[in-house]
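Engineer: sharing a sequence plus its predicted fold:
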Amino acid sequence: ITSIQSGSLQHLPYLLGLFLKQNLLADVPGGCFARLSVLQQLSLFGNNLQTLNESLFQDQTNLGFLDVSGQNSSISKLHPSMLATNSRLMGLVLNNNGLKNFSSKLLNQSAALQFLYLKGNNLTSLPLEIW
């Protein structure tokens, strides 16, 4: 898979898990996962992602697991409000990207978070507020 159009998954409102692992996605447009409000697991592992749209996960209020691990990705920054509506997020995997910094605001609404994986990034420190 090399691309996904915004709204192309709207006809699957009861989808619980979406695994787009190891494809050739370079971009996932905002609104791509719109109307997937019961989605609990999403994996974008191993794609060629460069950036993530700020509003990409805004409709996923039931999202419990998100894997945006890189393989050929070079995501260097995540927007601080990208996960603002994801209060049920229990697992976040951001391994092997090019993250240079990590904002504590990214996890402000993630009180349920049980595991966070940041292996293989360019981080030199983490803010105390995330602990």
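Structural biologist: Structure received. Residues are numbered from 1 along each chain as shown.
Engineer: residue ranges with poor pLDDT in this protein?
Structural biologist: Scanning the chain with the threshold set as pLDDT under 70 gives 72.
Engineer: so which residues of it form strands?
Structural biologist: 17-19, 41-43, 65-67, 91-93, 115-117 (DSSP state E).
Engineer: and Glu54, which of those strands is closest to it?
Structural biologist: In this view, the strands of the chain are compared for proximity to Glu54 by Cβ to Cβ, and strand 65-67 is the closest at 14.8 Å. To be clear about C-beta, it is placed using only N, CA and C from the backbone, and glycine gets the same treatment.
Engineer: got a markdown table for the strands of the chain, with distance to Ala84 and mean neighbour count too?
Structural biologist: Conversion of those to a markdown table gives the following (distance: least, Cβ to Cβ, whole Å; neighbours: other Cβ atoms under 10 Å):
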| stretch | distance to Ala84 | mean neighbour count |
| --- | --- | --- |
| strand 17-19 | 20 | 12 |
| strand 41-43 | 16 | 19 |
| strand 65-67 | 13 | 19 |
| strand 91-93 | 14 | 18 |
| strand 115-117 | 17 | 13 |
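Engineer: Throw these into TSV and include distance to Ile4, thanks.
Structural biologist: Formatted as TSV, those follow (distance: least, Cβ to Cβ, whole Å):
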stretch	distance to Ile4
strand 17-19	10
strand 41-43	12
strand 65-67	16
strand 91-93	20
strand 115-117	24
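Engineer: got the contact list for the nearest residue to Ser76 once chain neighbours are set aside?
Structural biologist: Leaving out its chain neighbours, the residue that sits closest to Ser76 by Cβ to Cβ, 6 or more residues apart in numbering is Gly98, at 4.4 Å. Residues near Gly98 by Cβ atoms under 8 Å, 6 or more residues apart in numbering: Gly70, Ser73, Ser74, Ile75, Ser76, Asn121, Asn122.
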